[in-house]
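Novice: Task: produce atomic coordinates for the following.
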Amino acid sequence: MRILRVAQKVYPEVPGGGTYHVHAMSRDQAAMGHDVTLLTVRHDESLPHFEKRAGYTVVRYDPACSALGNDISPGLARYLFSANDFDVVHAHSHLYFSTNLAALRRRLGDVPLALTNHGLYSQSAPKWVFDLYLRSVGQWTFEQADVVFCYTDEDRDRVREFGVDSRIEVVSNGVDTERFTPAGDESDRIEHDGSVVLFVGRLVEGKRPQDPVRAVARLPDELDAKLYMVGDGPMRSELEAMAGEEVTFLGQVPYEEMPQVYRSGDVLVLPSRAEGLPRTVLEAMASGLPVVVSDLEQVAPVVGGAGVTVSVGHVEGFVAGIETVLDGGVGDPRSRVEGRFDWAETVGRTTEVLEGL
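Specialist: Predicted coordinates:
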């Protein structure tokens, strides 16, 4: 099968759960014998136009302009509309212009289109903006797809609420539970004998990284808690200005080191206002790390009794949730993930659906 994968951003140039998903899916489908080409926008002029890596081909085109962090590339559009020798186009995230182009190409052509929903709302723009988008261009983009992949039943239902009639397949996001496990070394980057609180994610408004900074500052002194912020982004300077000595900024940590980082923590905090099914939460739980997360309808059922869910923006709720976890008041996180969110199953099921198109 010849697969043209379309993604606005890719790993490792742009770190993140969604970009790693795209990379790992391409790598593993190539290892299965499929011919995978990844079409993307070039964010670094030093990167080559064509590159072969991890068994698949990357084709990059420069952006001409940008709106709301959404790069627009005429070169990408030309390639997409001239690529007629693929069996399927698989676009990632309806939030990007490249996926809108893939939808237009499907409207005008014969090559089937699959679209993976990595989360309905953007982390970098107000919710009302994307409510308008989802009821117009976003809905139209979903409607052009021969199949839409959603991570959870809840996400499927949310897509349907916007009037989307396309076929939807629920294929859970997954992680490598043999890499992310409680057994193994801890990270040399984390040096604290007290309670270790982790935040892992981009430092952008939609992730609400200010909430764990404020919450840890309000924890009782006897917990001797320290917050480690793993990730980078435009809010870093603002967060550093508000943070006390109880917060350490690690910046971007190589993905290969993340199992050790999770093993070094006592609790992961993810206070996002919007998510799909966050890879960070699954990785942490697979590593035996309890979580305190926003009470999002597609995330809460996964966490179950192995963590605490809190209303978005409720800092005191995050304080109480962290205390509950540190007091041992939750169940075994790994048991919630193992056997239910396996990456090999994610790849296998996705590939099976693509072959059926």
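Novice: use CA for all of it now, contacts and neighbours both
Specialist: Noted.
Novice: Helices of the chain, residue ranges please.
Specialist: Taking DSSP state H as the criterion, the chain carries its helices at 17-31, 74-82, 97-108, 127-134, 137-144, 153-161, 210-217, 236-242, 258-263, 279-286, 300-303, 315-326, 334-337, 343-356.
Novice: Which residues does the last one contact?
Specialist: Read that as helix 343-356. Contact with helix 343-356 is made by 1, 25, 28-29, 88, 114, 171-177, as judged by C-alpha atoms under 8 Å, 6 or more residues apart in numbering.
Novice: now that helix and helix 17-31, what's the angle there?
Specialist: Orientation check (axes from the mean of the first three to the mean of the last three C-alpha atoms, to 10 degrees): helix 343-356 against helix 17-31 gives 70 degrees.
Novice: now the fifth one
Specialist: Using the same axes, to 10 degrees, the inter-axis angle of helix 137-144 relative to helix 17-31 is 20 degrees.
Novice: How is the protein partitioned into domains?
Specialist: As assigned by automatic domain parsing, the chain contains the domains 2-174+342-356, 195-337.
Novice: Turn the helices of the chain into a markdown table, including mean neighbour count.
Specialist: As requested, the helices of the chain are exported to a markdown table (neighbours: other C-alpha atoms under 10 Å):
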| stretch | mean neighbour count |
| --- | --- |
| helix 17-31 | 19 |
| helix 74-82 | 15 |
| helix 97-108 | 20 |
| helix 127-134 | 15 |
| helix 137-144 | 21 |
| helix 153-161 | 17 |
| helix 210-217 | 22 |
| helix 236-242 | 13 |
| helix 258-263 | 23 |
| helix 279-286 | 26 |
| helix 300-303 | 18 |
| helix 315-326 | 20 |
| helix 334-337 | 20 |
| helix 343-356 | 16 |
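Novice: If you average pLDDT over each of these, which is lowest?
Specialist: Per-stretch mean pLDDT for these is lowest at helix 127-134 (a mean of 80).
Novice: on that earlier part again, for the contacts of helix 343-356, work out which two are farthest apart.
Specialist: Pairwise distances across the contacts of helix 343-356 peak at 29.4 Å for 88 and 177 (criterion: C-alpha to C-alpha).
Novice: on that earlier part again, mind putting the domains of the chain into JSON lines with distance to residue 185?
Specialist: Below are the domains of the chain laid out as JSON lines (distance: least, C-alpha to C-alpha, whole Å):
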{"stretch": "domain 2-174+342-356", "distance to residue 185": "22"}
{"stretch": "domain 195-337", "distance to residue 185": "6"}
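Novice: Nearest approach to residue 187 belongs to which of these?
Specialist: domain 195-337 (4.7 Å).
Novice: Between the two ends of that closest one, what distance do you get?
Specialist: Distance between the boundary residues of domain 195-337 (C-alpha to C-alpha, to the nearest Å) amounts to 24 Å.
Novice: quick thing: my sequence starts at 88, can you match it?
Specialist: Okay, residue one is now 88; in that scheme the one you just asked about reads as domain 282-424.
Novice: looking at it, residue 357 is touching residue 286, isn't it?
Specialist: Yes - in this structure residue 357 lies within contact range of residue 286 using C-alpha atoms under 8 Å: 6.3 Å.
Novice: Between the two, point out the one with more neighbours.
Specialist: Using other C-alpha atoms under 10 Å, the more surrounded residue of residue 357 and residue 286 is residue 357, with 26 against 23.
Novice: distance of that one from residue 179?
Specialist: Remark: distance between residue 357 and residue 179 (C-alpha to C-alpha) = 23 Å.
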